[in-house]
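# predicted structure and sequence below. I'll ask about it afterward.
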Amino acid sequence: MEEFAVEVTAKGADGSLEPFHIYVGAPEAIDDIVSECLVWCSLLDKPTRIRGGSLAQAYHLGFRFVGQMVGYSDLTLLDADGNPFQLPTPPDGSEEEA
């Protein structure tokens, strides 16, 4: 799992367009039980740490957190061609436990 960083365009409900940055860091093990990744997007004042029970879960939750923030903000993210931008959805690691 590698860090993910992208700049897209955010379209507001009023039609305004602004650059929008997304960063989800590579997950790191904090100890034998907890892992975390650093997450930031243009809606946040500062980066936040998202924790999970495994590297994969922390990474998955980081993307989910950003996706939820964007969803609640009434913004539409667009790629460089003006098409809707979809955040990746990495596996949460539960497949590994089965």
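Now that the structure is in, tell me what you want to look at.

# switch to C-alpha atoms for all contacts and neighbour counts from now on
OK.

# contacting residues for the spatially most central residue of the chain?
The residue lying closest to the centre of the chain (C-alpha atoms, centre = their mean) is Phe63, at 3.0 Å. Listed by C-alpha atoms under 8 Å, 6 or more residues apart in numbering, the contact partners of Phe63 are Val24, Leu87, Pro88, Thr89, Pro90.

# which element is it on?
According to DSSP states H and E, Phe63 maps onto helix 55-72.

# identify the bridge partners of the closest residue in space to Ala5 that isn't next to it in sequence.
Spatially, and ignoring its direct neighbours in sequence, Ala5 is nearest to Tyr23 (4.4 Å; C-alpha to C-alpha, 6 or more residues apart in numbering). In this entry, Tyr23 is beta-bridged to Ala5, Trp40, by DSSP bridges.

# so how many other residues sit close to Tyr23?
Counted with other C-alpha atoms under 10 Å, residues neighbouring Tyr23 total 19.

# does it touch Cys41 like I think?
Yes - using C-alpha atoms under 8 Å, Tyr23 is in contact with Cys41, at 6.1 Å.

# any idea where the strands of the chain begin and end?
Ranges of strands in the chain, per DSSP state E, are 4-11, 17-24, 28-29, 35-41, 48-52, 76-78.

# just the pLDDT for the residue nearest to Ala5.
With respect to pLDDT, Tyr23 scores 97.

# who's in contact with it?
Neighbours of Tyr23 in contact, by C-alpha under 8 Å, 6+ apart: Glu3, Phe4, Ala5, Val6, Leu38, Val39, Trp40, Cys41.

# one more time with 7 Å
Phe4, Ala5, Val6, Val39, Trp40, Cys41 (C-alpha atoms under 7 Å, 6 or more residues apart in numbering).

# out of those, who has the most neighbours?
Going by other C-alpha under 10 Å, Val39 tops the contacts of Tyr23 with 25 neighbours.
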